[in-house]
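>>> how would this look folded up:
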Amino acid sequence: MPTYTFEELKRSQTFKLKCACGKRFQRTIAETQTVNPFNKNQDGTVKTRTEVWQSVGEKLREAIDRFTPTCPAGHPADDVTIVSQWGSFQ
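Here you go, the predicted model:
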């Protein structure tokens, strides 16, 4: 049986954080999807590379909205600095 390798599109956002306790740390949120014949639109047509890229971006934005930064000790972060853009093809 043959093995098929599909192109994976990945977008990520990295946050550099400073905790109320003074510790510095970073968190990365990433979303991925592959361009494959099983990845379909609502109407049943196969998604193009651009449509998959947009879909990954939407899922990433949803994940960022749900993101609540906390340090490893569980304290809330008081200074959030974004250090990367939406991501790139990887």
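>>> residue 39 reaches residue 46, doesn't it?
Yes. Residue 39 is within contact range of residue 46, at 6.9 Å (criterion: Cβ atoms under 8 Å). Any C-beta I mention is one placed from the backbone N, CA and C, and that applies to glycine too.
>>> for residue 40, what are its contacts?
46-47 (Cβ atoms under 8 Å, 6 or more residues apart in numbering).
>>> quick one: it and residue 20, what's the gap?
Using Cβ to Cβ, to the nearest Å, one obtains 46 Å as the distance from residue 40 to residue 20.
>>> for residue 55, same thing?
Where residue 20 is concerned, residue 55 sits at a distance of 36 Å (Cβ to Cβ).
>>> ok, now residue 60?
The value you get for residue 60 to residue 20, if Cβ to Cβ is used, is 27 Å.
>>> flag every buried residue along stretch 63-73.
Residues of stretch 63-73 classed as buried: 69, 71 (neighbour count, 16 or more other Cβ atoms under 10 Å).
>>> quick one: the helices in the protein?
Listed in chain order, the helices found in the chain under DSSP state H are 49-66.
>>> can you pull the poorly scored residue ranges out of it?
When residues are selected by pLDDT under 70, those of the chain lie in 76-90.
>>> excluding its backbone neighbours, what's nearest the residue nearest the centre of the chain?
By Cα atoms, centre = their mean, the chain has its centre lying nearest to residue 30, at 2.6 Å. Counting by Cβ to Cβ, 6 or more residues apart in numbering, residue 30 lies nearest to residue 12, which is 3.9 Å off, once chain neighbours are set aside.
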